[in-house]
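Q: With the sequence up front, the predicted model follows.
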Amino acid sequence: MMALSNSMVSTLLIVLTVSSIALTQTPQPQRDTLSLSRAIALALQNHPSIRAAEAGIRFASGALTQARSSYLPSVNATVGYTRTDGAFVFNPSFPPRQQSYNSYSAGLQIQQTLFDFGKATNKISASSELLDASSFNAQSSRDNIAMNVQLAYFGLVQAQRVAKVNELAMEQAERHLHQAKAFYNAGRRPLFDVTKAEVDVANANVNLIRARNQMRVANVQLENAMGIHPRQSYVLTDTLTVVPFTMSLDSVKGLALNQQPDVQSARALLAANQSLASSAWDQHLPSLSAFGNLTWTNFDFPLFSRWNAGITLSIPVFQGFSIVGQVEQAEANADAAKANLDLLTEAITLEVEQTYLGLEEAEERIAATTKLVEQAEQNLNLAEKQYAAGVGTAIETTDAHLTLSNARITNIQALYDYNSALVRLKRAIGRLAPE
């Protein structure tokens, strides 16, 4: 065999190295970016509760159409054909006679309510208010979806940040373990430092496993809130920032009690039940209607026509107390709707006050924990320098690492609480999802 020169060997090694790098470095698929606004838009397009709310609006619209139909005339057309064949007895003195004949008929009936003393008006008013309540319920569903998506989005960002903190803690624990082993091999540190560092690495690994699992759970919660489960992976935009909120507590409560879709829906339901109660009582009153009939009949064609028309006044005299019972039920429903509105008002007032106070408290915690993180970083830097110089202990270094990780996680929690409270306040005043 011919021996290869050194230059040929070097060239061959370079070619093999480049080829192996090209084979091992396969291009990674680019992950899509899921912004918060896009997540909300996807949820509003795909979430099942949106379809349920739209069905509720269609149902209420159909009821309103039915109620309005009482203002319009009722027209019915009939067509009939009869074939008669058999024995007929016209007189007991004569024997039966077999006879067959056809009978044709056609008719047109028209009926129109002229005046019902407000029955139709109250029913239409109730149906219109129920349609308004359904529309407000649909807006409330959109607000709830937008709120849940934002909370889930912030929850996933929080989980990712916490996982990053635990990854840094894991790296610091492993670096400290290598340092402790080096010092022990050099005779500068006891074996205790090595075992202590190994325990710290194990604890950091446990925390990292838990943080990564929580991140996966938060990802599932976000997809559930959106109502879709994308197959491709995606990255989030870190939105845990402090957005100032300048409205006063009284302003927030006033807007919440006037603009929140839930309150508007409850008020519409109350008005609808009051109209239904009036409509139920109106059944005691008479009704005036007009009618007309036009018919064509004969045993054969052509058919002969006749007509009749008239006016009917119907006066309810006694229906076995059924109207009284209906009025009692309708008034009870109106009283229940009023009580539900009062309960909702109290609940919203309490929720707004608690959320507003939580927002202020979270803002203060953000400032305090930001300072705490800075101090913890300085403390860790000092502890590591002292340990490297041989004047610090392994326990002090471990405590400094733990203090910094806890401070960072506490700061992340404060940011999440602030953004969550801000979203809930916007939900309370009805400024969260587009109509």
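A: Happy to help now that I have it.
Q: Just the strands from the stretch 101-250 of the chain, written as ranges.
A: For the stretch 101-250 of the chain, the strands defined by DSSP state E, counting those that start in this stretch occupy 234-236.
Q: can you pull out the helices in it?
A: Assigned by DSSP state H, counting those that start in this stretch, the helices in the stretch 101-250 of the chain fall at 119-185, 191-226, 249-259.
Q: C-terminal to the last one, which secondary structure element comes first?
A: So the one you mean is helix 249-259. Sequence order places helix 261-281 as the next helix or strand after helix 249-259, per DSSP states H and E.
Q: quick one, that following helix and helix 249-259 angle?
A: Helix 261-281 and helix 249-259 meet at an angle of 40 degrees, taking axes from the mean of the first three to the mean of the last three Cα atoms, to 10 degrees as the criterion.
Q: can you state the direction angle for helix 261-281 and helix 119-185?
A: Angle of helix 261-281 versus helix 119-185, following the same axes, to 10 degrees, is 160 degrees.
Q: how far out from the middle of the chain is helix 261-281?
A: From the chain centre to the centre of helix 261-281 is a distance of 25 Å (Cα atoms, centre = their mean, to the nearest Å).
Q: can you give me phi and psi for Phe90?
A: Phi and psi for Phe90, reported as degrees, to the nearest 10, are phi -90, psi -30.
Q: what about it, how many residues close to it?
A: Residues near Phe90, counting by other Cβ atoms under 10 Å, number 10. Yep, even glycine has a C-beta here, placed from its N, CA and C like the rest.
Q: Arg97 is in contact with that one, correct?
A: Yes: with contacts defined as Cβ atoms under 8 Å, Phe90 counts as touching Arg97 at a distance of 6.9 Å.
Q: what's the helix or strand hosting Thr369 packed up against?
A: Following DSSP H and E, the helix or strand that holds Thr369 is helix 322-389. Using 3 or more Cβ pairs under 8 Å, 6 or more residues apart in numbering; DSSP states H and E as the contact test, the elements touching helix 322-389 are helix 119-185, helix 249-259, helix 261-281, helix 394-428.
Q: Pipe these into JSON lines and attach distance to Arg51, mean pLDDT and mean neighbour count per row.
A: Shown next, in JSON lines, are the helices and strands packed on helix 322-389 (distance: least, Cβ to Cβ, whole Å; pLDDT from 0 to 100; neighbours: other Cβ atoms under 10 Å):
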{"stretch": "helix 119-185", "distance to Arg51": "10", "mean pLDDT": "94", "mean neighbour count": "20"}
{"stretch": "helix 249-259", "distance to Arg51": "25", "mean pLDDT": "92", "mean neighbour count": "15"}
{"stretch": "helix 261-281", "distance to Arg51": "18", "mean pLDDT": "94", "mean neighbour count": "21"}
{"stretch": "helix 394-428", "distance to Arg51": "21", "mean pLDDT": "94", "mean neighbour count": "21"}
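Q: Met226 is nearest to which of the ones you listed?
A: Ranking those by proximity to Met226 (Cβ to Cβ) places helix 119-185 first, at 5.9 Å.
Q: Distance from the chain centre to the closest one, please.
A: Put simply, helix 119-185 sits 12 Å off its chain's centre (Cα atoms, centre = their mean).
Q: by how many degrees do it and helix 322-389 diverge?
A: Put simply, helix 119-185 runs at 20 degrees to helix 322-389, going by the same axes, to 10 degrees.
Q: Make residue 1 into 48 and carry on from there
A: Got it, the first residue is 48 from now on, which makes the last one we talked about helix 166-232.
Q: now for helix 166-232, which elements pack on it?
A: helix 83-93, helix 95-115, helix 238-273, strand 281-283, helix 308-328, helix 369-436, helix 441-475.
Q: Okay, angle between it and helix 83-93 too, please.
A: Helix 166-232 and helix 83-93 are oriented at 140 degrees to each other (the same axes, to 10 degrees).
Q: Distance-wise, check the residue most central in space within the chain relative to Leu479.
A: Ranked by distance to the mean C-alpha position of the chain (Cα atoms, centre = their mean), the top residue is Ile192 at 2.6 Å. Distance from Ile192 to Leu479, counting by Cβ to Cβ, to the nearest Å: 9 Å.
Q: Kindly report the same for Leu341.
A: In this view, Leu341 and Leu479 are 59 Å apart by Cβ to Cβ.
Q: Please say which of these two ends up with more neighbours.
A: Higher neighbour count among Leu341 and Leu479: Leu479, with 21 against 15, using other Cβ under 10 Å.
Q: Now do the same for that one: helix, strand or coil?
A: Put simply, Leu479 is coil when judged by DSSP: H, G, I helix; E, B strand; the rest coil.
Q: Let me see the contact set for it.
A: 190, 193-194, 470, 473 (Cβ atoms under 8 Å, 6 or more residues apart in numbering).
Q: So which of those is the closest to Pro237?
A: Once Cβ to Cβ is applied, the member of the contacts of Leu479 that ends up nearest Pro237 is Val470, at 52.4 Å.
Q: Gly367 falls within a helix, correct?
A: No: using three-state DSSP, the secondary structure at Gly367 is coil, not a helix.
Q: my guess is the residue nearest to the centre of the chain contacts His94, does it?
A: Yes: judged on Cβ under 8 Å, Ile192 makes contact with His94 at a distance of 5.1 Å.
Q: who touches both of these two?
A: Counting by Cβ under 8 Å, 6+ apart, the shared contacts of Ile192 and His94 are Gly274.
Q: Cool, thanks, signing off.
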